[in-house]
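> Prediction below, plus the sequence it came from.
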Amino acid sequence: MQSTAETDITDGLQSDTAERVAFLNRNSKIFHAVLAQQFDTNVISELCELSEMIRAISATRQGTQFLTTLLNYRRAMLYFTQPSTRTFLSFTAACQVLGLRYNTVRDPKTSSEVKGESEEDTVRVLSQYFDIIIMRHPKAGFAEHVARILEHMPRTIPVINGGSGKDQHPTQALLDVYTLFRCFTTPTSVRGSRRYHCNPFVGKTIAFVGDLKRGRTVRSLTYLLARYPGVKLVYISPPELAPEEDIVEYMRRSDVEFEMADDLQKWVGECDAIYMTRLQDEHDVAGESKKIDYSRYSLTLDMAPQFKPNLVIMHPLPRRGELDEKLDSLPQAKYWAQVRNGMWMRAALIALIFEVDGAILEHYQNYYTL
Ligand code: NCD
């Protein structure tokens, strides 16, 4: 069911990215899910639609039972050696939705790594017991490194990147786009099943706020949103935490309008979506971000009168002071919906990788209308 056109994906990418994407995909389909650049608008639409179908099917007991038959012959390893609440738990829930049995390694201190075994050997071992590795790791690029290591093993299994150091968090970006699609469209605003096959971003201004230098969710989401002509992206951060040059360069080469800014107050009334992020101070080398006045990059209730009525407030969470809890009860607050959307989107991605998307579509068409 996937329809990744290789030419589409590589369009406008640096050739090394094109090579990486070609390696991570198999026969133009997602095999490893490691980089946001692997996902073109066709695949994003398919995944949003699949998420919606899984969500609808899960609403009944019979539907829930059907879904758990799809992958009950497979096993997943959740190898999360960096702290995680939502990504980890939503992946476990997604596995449960599809009947996929899973095991976890979260603390390398309980593995043979304390005896000197390398992380590489650990994943080589995992690949012999499980059918997929879903992983989070503090080192940038490690998930891709693992995918390449597994190429040389007798069994090559898919790798899903649940966050790799400062660089990428593609499944968060997918759930973010799914959330935006759901907020910018309604089942009746576009005809029938086309809800996820349109470009709902035309004329929309989406702002990223906070630590945009070290926030991996913003990098991955940039790669996805830059595929939608007509959107405007605004990056609002203290100058010291402005996006890295690779993002700026990517946006320059894209067809999408973008702006670098440092004044949230000025933009708050202009935005259709505001994507808040916390200070990523775990990456500080010498406590340097302590000197930054982050309060200027906080969204507070006193700004609410300026909000557009249909503003979408997002946050990948965890939050600190930058997103006032007093905003939670506003209709514009969508971050709890984002959390739930993550479970459906991750189930959809796993279903796509294991090619049970066709069975889900068939079941859906038999019992529901989209
Ligand atoms: C994000 C992450 O881990 O990058 N959280 C998440 O996955 N929901 C954002 C963050 O930690 O700030």
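Noted; the coordinates are in hand. Numbers count the residues shown, from 1 in each chain.

> Residue 89: how many residues sit nearby?
14 (other C-beta atoms under 10 Å). To be clear about C-beta, it is placed using only N, CA and C from the backbone, and glycine gets the same treatment.

> For the closest residue to residue 104 other than its chain neighbours, which three-state class applies?
By the measure of C-beta to C-beta, 6 or more residues apart in numbering, the closest residue to residue 104 outside its immediate chain neighbours is residue 78, 4.5 Å from it. Residue 78 carries the three-state label strand when classified by DSSP: H, G, I helix; E, B strand; the rest coil.

> in the sheet, who's paired with residue 78?
With beta bridges defined as DSSP bridges, residue 78 has these partners: residue 104, residue 134.

> residues in contact with it?
Applying C-beta atoms under 8 Å, 6 or more residues apart in numbering to residue 78 gives the contacts 88, 91, 92, 95, 102, 103, 104, 105, 106, 134, 135.

> Closest to residue 149 out of those?
Closest approach between these and residue 149, by C-beta to C-beta: residue 135, at 12.0 Å.

> For the closest one, give its distance to residue 62.
33 Å (C-beta to C-beta, to the nearest Å).

> More neighbours: the two, which one.
residue 135 (26 against 10).

> correct me, but the more buried one touches residue 80?
Yes: the criterion here is C-beta atoms under 8 Å, and residue 135 meets it with residue 80 at 6.7 Å.

> Can you check which residues contact both of these two?
With contacts taken as C-beta under 8 Å, 6+ apart, residue 135 and residue 80 have residue 162 as neighbours in common.

> and the closest residue to residue 85 other than its chain neighbours, how many neighbours does it have?
On the basis of C-beta to C-beta, 6+ apart, the spatially nearest residue to residue 85 that is not a chain neighbour turns out to be residue 318, at 7.2 Å. Residue 318 is flanked by 10 other residues according to other C-beta under 10 Å.

> Wait, a strand at residue 318?
No: according to three-state DSSP, residue 318 belongs to no strand; its state is coil.

> Does it touch residue 278 like I think?
Yes: under the criterion of C-beta under 8 Å, residue 318 lies in contact with residue 278, with a separation of 6.6 Å.

> where along this protein do the helices fall?
Applying DSSP state H to the chain gives helices spanning 6-10, 15-24, 41-57, 61-67, 86-97, 119-129, 142-150, 170-184, 216-225, 245-253, 264-267, 335-353, 357-367.

> In a markdown table, list the ones you listed along with distance to residue 197.
Below are the helices of the chain laid out as a markdown table (distance: least, C-beta to C-beta, whole Å):
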| stretch | distance to residue 197 |
| --- | --- |
| helix 6-10 | 15 |
| helix 15-24 | 22 |
| helix 41-57 | 5 |
| helix 61-67 | 23 |
| helix 86-97 | 23 |
| helix 119-129 | 36 |
| helix 142-150 | 29 |
| helix 170-184 | 10 |
| helix 216-225 | 15 |
| helix 245-253 | 25 |
| helix 264-267 | 30 |
| helix 335-353 | 15 |
| helix 357-367 | 14 |
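
> what's the pLDDT at the residue of the chain most remote from its centre?
In the chain, counting by C-alpha atoms, centre = their mean, residue 115 sits farthest out from the average C-alpha position, at 34.2 Å. With respect to pLDDT, residue 115 has a value of 91.

> how near is it to residue 121?
Between residue 115 and residue 121 the distance, using C-beta to C-beta, works out to 11 Å.

> Compile the helices of the chain into JSON lines and extend it with columns for distance to residue 32 and mean pLDDT.
As requested, those are arranged in JSON lines below (distance: least, C-beta to C-beta, whole Å; pLDDT from 0 to 100):
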{"stretch": "helix 6-10", "distance to residue 32": "14", "mean pLDDT": "34"}
{"stretch": "helix 15-24", "distance to residue 32": "4", "mean pLDDT": "91"}
{"stretch": "helix 41-57", "distance to residue 32": "14", "mean pLDDT": "96"}
{"stretch": "helix 61-67", "distance to residue 32": "24", "mean pLDDT": "97"}
{"stretch": "helix 86-97", "distance to residue 32": "15", "mean pLDDT": "98"}
{"stretch": "helix 119-129", "distance to residue 32": "12", "mean pLDDT": "96"}
{"stretch": "helix 142-150", "distance to residue 32": "4", "mean pLDDT": "96"}
{"stretch": "helix 170-184", "distance to residue 32": "10", "mean pLDDT": "98"}
{"stretch": "helix 216-225", "distance to residue 32": "15", "mean pLDDT": "98"}
{"stretch": "helix 245-253", "distance to residue 32": "21", "mean pLDDT": "95"}
{"stretch": "helix 264-267", "distance to residue 32": "36", "mean pLDDT": "98"}
{"stretch": "helix 335-353", "distance to residue 32": "8", "mean pLDDT": "98"}
{"stretch": "helix 357-367", "distance to residue 32": "17", "mean pLDDT": "94"}
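
> can you list these in TSV and add distance to the ligand?
Putting the helices of the chain into TSV (distance: least, C-beta to the nearest ligand atom, whole Å) gives the following:
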stretch	distance to the ligand
helix 6-10	24
helix 15-24	20
helix 41-57	17
helix 61-67	24
helix 86-97	4
helix 119-129	19
helix 142-150	13
helix 170-184	5
helix 216-225	5
helix 245-253	15
helix 264-267	18
helix 335-353	8
helix 357-367	24
